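> Below is the sequence, then the predicted model.
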Amino acid sequence: MRYVMKGGNPLVGEVVIGGAKNAALGILAAAIMTDETVVIDNLPDVRDINVLLEAIRDIGAVVERLDRHTVKINARCIGSVTVNNEFIKRIRASYYLLGALLGKYRRASVALPGGCNIGSRPIDQHLKGFRALGASTVVEYGMVNADAARLRGGHVYLDVVSVGATINIMLAAALADGSTIIENAAKEPHVVDVASMLNSMGANIKGAGTDVIRISGVSKLHGTEYSIIPDQIEAGTYMVAAAITKGDVTVRNVIPKHLEAITSKLMEMGCEISEFDDAVRVVAKNRMSHTKVKTLPYPGFPTDMQPQISVALALACGTSIVTESIFENRFKYMDELARMGANAKVEGNIAVIDGVGRFTGAEVCAPDLRAGAALVLAGLAADGCSVVEDVEYIMRGYECFVEKLHELGAEIRLVDTDKEIQKYKLSLIS
């Protein structure tokens with residue numbers, strides 16, 4: 001599947017942001033840690049979520065979609081702690097089932113995770129945490145196996161700040177005997193959201209959102225109803241879309257504090273930003289100015305927003321420097337962006353971007369989720385038609401991407417064949 005689009009339209013209007021994909025993945029894993037019923041709403045309807053739900057169903061949990069954004073889960077009848085669903089290997093967050101199953105059943109076996117190829121993302125910190133709780137771990141035949149006769153609290157110092165490891169250890173420790181301390185913990189909003197979900201189920205977790213999380217294990221968790229926080233990356237993508245297209249977009253159903261790093265950079269670049277209780281408005285009247293961006297763990301600038309802001313900087317006045325400190329392969333999209341006329345040089349984890357006056361339409365290929373979304377934004381700002389291939393990546397993390405962009409005035413369509421692309425281009429001429 002491909003997106004075909006004609007650039008040049010400023011994006012104008014309002015867009016409503018869905019639930020945070022990265023929070024939802026951890027929260028769905030937490031939902032199987034009780035035998036009672038859990039209801040989760042504000043769930044994004046994207047491929048990663050649907051794959052994880054299918055994997056949860058495969059091991060015996062009852063999964064019922066109440067509506068597009070609400071799911072009811074009862075995991076009382078889980079009959080297997082082995083998760084080897086064909087599709088689960090394609091998403092990174094499959095590893096959360098390790099912590100959830102280990103906590104509840106004291107053993108788990110989960111297929112090694114996949115996801116976007118944006119660099120090395122080892123799970124050594126996850127396994128280090130499980131071992132600190134008394135589990136033995138081994139990776140063999142493409143599976144990660146964890147086993148503990150008794151799961152007991154422990155002291156875990158993460159060598160690197162890892163969202164995945166922080167959440168996974170938190171899941172397992174919630175049902176361990178005694179107290180656990182996680183130091184150098186990730187502080188991202190979705191870490192806090194998973195901790196809040198677990199606490200609503202009866203867990204005792206304190207300090208989420210700081211670099212030290214303290215967990216007092218409980219004997220069991222109970223059912224709950226929980227609503228997922230808004231997705232800061234989806235929100236940030238539409239904020240940058242307004243900047244790139246010289247538009248005026250109000251992004252609704254957000255927590256403005258979660259967006260401060262993005263807001264700050266867009267203001268530096270010359271955008272007008274207005275904040276409300278649950279909305280942010282971005283107005284871009286003129287060509288943007290250059291700046292420096294360095295990705296860092298929260299509350300720093302998010303790595304998942306680096307491709308989008310880099311596309312904006314490729315159209316800004318002057319020379320910008322973007323430093324990627326999280327994932328080493330995150331600049332792979334720059335070769336694709338060059339097809340549209342961008343002028344950037346990448347050396348290691350640094351991109352030096354000389355802003356150009358315009359992009360021109362081209363056929364490009366999405367190398368991963370966030371870079372794919374960024375290339376769509378580039379196409380919406382380019383002269384002429386652009387085609388973005390491999391959009392399955394984008395569908396992993398953005399719900400109704402085409403529909404939401406279309407409502408803001410974008411000329412964009414999802415197509416399957418070359419014939420449909422030609423038909424679309426002819427319709428623009430006529």
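Okay, I see it. Everything numeric in this text was worked out from a predicted model, so none of it was measured.
> could you pull out the helices for this structure?
21-31, 47-58, 96-105, 124-132, 163-173, 189-200, 232-244, 260-268, 306-313, 334-338, 369-381, 392-395, 401-407, 418-429 (DSSP state H).
> Just put these in JSON lines and tack on distance to residue 138, mean neighbour count and mean pLDDT.
C-beta here means a position set from N, CA and C on the backbone, and glycine is covered the same way. Formatted as JSON lines, these follow (distance: least, C-beta to C-beta, whole Å; neighbours: other C-beta atoms under 10 Å; pLDDT from 0 to 100):
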{"stretch": "helix 21-31", "distance to residue 138": "21", "mean neighbour count": "28", "mean pLDDT": "97"}
{"stretch": "helix 47-58", "distance to residue 138": "21", "mean neighbour count": "20", "mean pLDDT": "92"}
{"stretch": "helix 96-105", "distance to residue 138": "12", "mean neighbour count": "27", "mean pLDDT": "97"}
{"stretch": "helix 124-132", "distance to residue 138": "9", "mean neighbour count": "21", "mean pLDDT": "96"}
{"stretch": "helix 163-173", "distance to residue 138": "16", "mean neighbour count": "28", "mean pLDDT": "97"}
{"stretch": "helix 189-200", "distance to residue 138": "26", "mean neighbour count": "23", "mean pLDDT": "98"}
{"stretch": "helix 232-244", "distance to residue 138": "34", "mean neighbour count": "28", "mean pLDDT": "98"}
{"stretch": "helix 260-268", "distance to residue 138": "39", "mean neighbour count": "18", "mean pLDDT": "98"}
{"stretch": "helix 306-313", "distance to residue 138": "35", "mean neighbour count": "29", "mean pLDDT": "98"}
{"stretch": "helix 334-338", "distance to residue 138": "39", "mean neighbour count": "19", "mean pLDDT": "97"}
{"stretch": "helix 369-381", "distance to residue 138": "30", "mean neighbour count": "28", "mean pLDDT": "97"}
{"stretch": "helix 392-395", "distance to residue 138": "31", "mean neighbour count": "20", "mean pLDDT": "93"}
{"stretch": "helix 401-407", "distance to residue 138": "40", "mean neighbour count": "18", "mean pLDDT": "97"}
{"stretch": "helix 418-429", "distance to residue 138": "48", "mean neighbour count": "12", "mean pLDDT": "84"}
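> Isn't residue 153 up against residue 174?
No: between residue 153 and residue 174 there is no contact under C-beta atoms under 8 Å: 10.5 Å.
> shared neighbours, the two?
Counting by C-beta atoms under 8 Å, 6 or more residues apart in numbering, the shared contacts of residue 153 and residue 174 are 215, 217.
> what ranges of the stretch 1-150 of the chain fall below the confidence cut-off?
87, 114-121 (pLDDT under 70).
> ok, back up a step: okay, residue 153 and residue 174: which has more neighbours?
Comparing residue 153 with residue 174 by other C-beta atoms under 10 Å, the one with more neighbours is residue 174, at 28 against 19.
> quick one: the closest residue to the more buried one other than its chain neighbours from residue 139, how far?
In space, and not counting its chain neighbours, residue 174 is closest to residue 203: 4.2 Å by C-beta to C-beta, 6 or more residues apart in numbering. Here the criterion is C-beta to C-beta, to the nearest Å. By it, residue 203 lies 28 Å from residue 139.
> Residue 216 now?
Per C-beta to C-beta, residue 216 is found 30 Å from residue 139.
> So between residue 203 and residue 139, which is more surrounded?
Set residue 203 next to residue 139 and count neighbours by other C-beta under 10 Å: residue 203 wins out with 24 against 12.
> and residue 138, how many neighbours does it have?
Counted with other C-beta under 10 Å, residue 138 comes out at 12.
> who's in contact with it?
144, 145.
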